[in-house]
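# this one's structure only:
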């Protein structure tokens, strides 16, 4: 009788503690991570050509990591010489794919992502006033590699060829009317669904890196442009920043209490002969 009573007491105490632990609201954690600074080439933000750029002697699929800014949407290819004006959607313009890599993400596997966005800082406002319709995807890898810049005549498609998240997020930013702005117009749509897809991978670990890819919704040169600071710009200028809010997975205490309740329940069933 005493054996059964002790087990009942343990079960009641464990169940009560478990219910209290579960009832306590889990606190969301907020973190901000700037784009990586992988040396020696500052290769954690990059842009990929999608058409031949005569003015730059680059081939489609060439990836650049040494620009002083990152062009999202399109970049003119040769300017007035090709019949284009800076920032004006133009058939001769060069659609670009931009990639941004963030290191040491402190989110544990299985966490619930409650909010996520990327904060950019505007550069070259003369190119940023036309309508832009971007889509954002993540790289679906437990840990991501930095971008690689080949010789100008080599296409490595080191942004566009990456394995993508199933989900995509549309982003239609307002015009960027001046340089150096880091406000609502430079903030992406919520990308929590993309981050969730990444951290739900079985091999994801806290401390791994994430890549996000921004591209236009059309590739005919008639996409708006948004130009953001890169790592290679003035060191005092802000780079892209990933803002995350998440609720960690159940704590070790909760998991231990759940295991204790299950164990006592099984033991009581055996004593009763069930």
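Arrived safely. None of these values were measured; they are calculated from a predicted model.

# Could you measure from residue 191 over to residue 242?
Here residue 191 is placed at a distance of 9 Å from residue 242 (C-beta to C-beta, to the nearest Å). C-beta coordinates here come from the backbone N, C-alpha and C atoms, glycine included.

# what's the overlap in contacts for these two?
Counting by C-beta atoms under 8 Å, 6 or more residues apart in numbering, the contacts common to residue 191 and residue 242 are 116, 117, 118, 212.

# Looking at those, which is nearest residue 50?
residue 212 (17.9 Å; C-beta to C-beta).

# buried sites along stretch 135-142?
By neighbour count on 16 or more other C-beta atoms under 10 Å, the buried set for stretch 135-142 is 136, 137, 138, 139, 140, 141.

# Residue 180: which of the shared contacts of residue 191 and residue 242 is nearest?
residue 118 (17.1 Å).

# which intervals of the stretch 51-200 of the chain have sub-threshold pLDDT?
Scanning the stretch 51-200 of the chain for pLDDT under 70 picks out the ranges 52-58, 76-93, 126-127, 152-153.

# Could you rerun that using 80?
Along the stretch 51-200 of the chain, segments meeting pLDDT under 80 span 51-60, 74-94, 124-130, 150-155.

# Would you map the helices across the stretch 101-250 of the chain?
192-199 (DSSP state H, counting those that start in this stretch).

# Please enumerate the strands of it.
Under the criterion DSSP state E, counting those that start in this stretch, strands of the stretch 101-250 of the chain are mapped to 112-119, 134-138, 169-171, 210-216, 226-229, 241-247.

# Could you say which one of those comes nearest to residue 32?
Among these, the nearest to residue 32 by C-beta to C-beta is strand 241-247 (5.1 Å).
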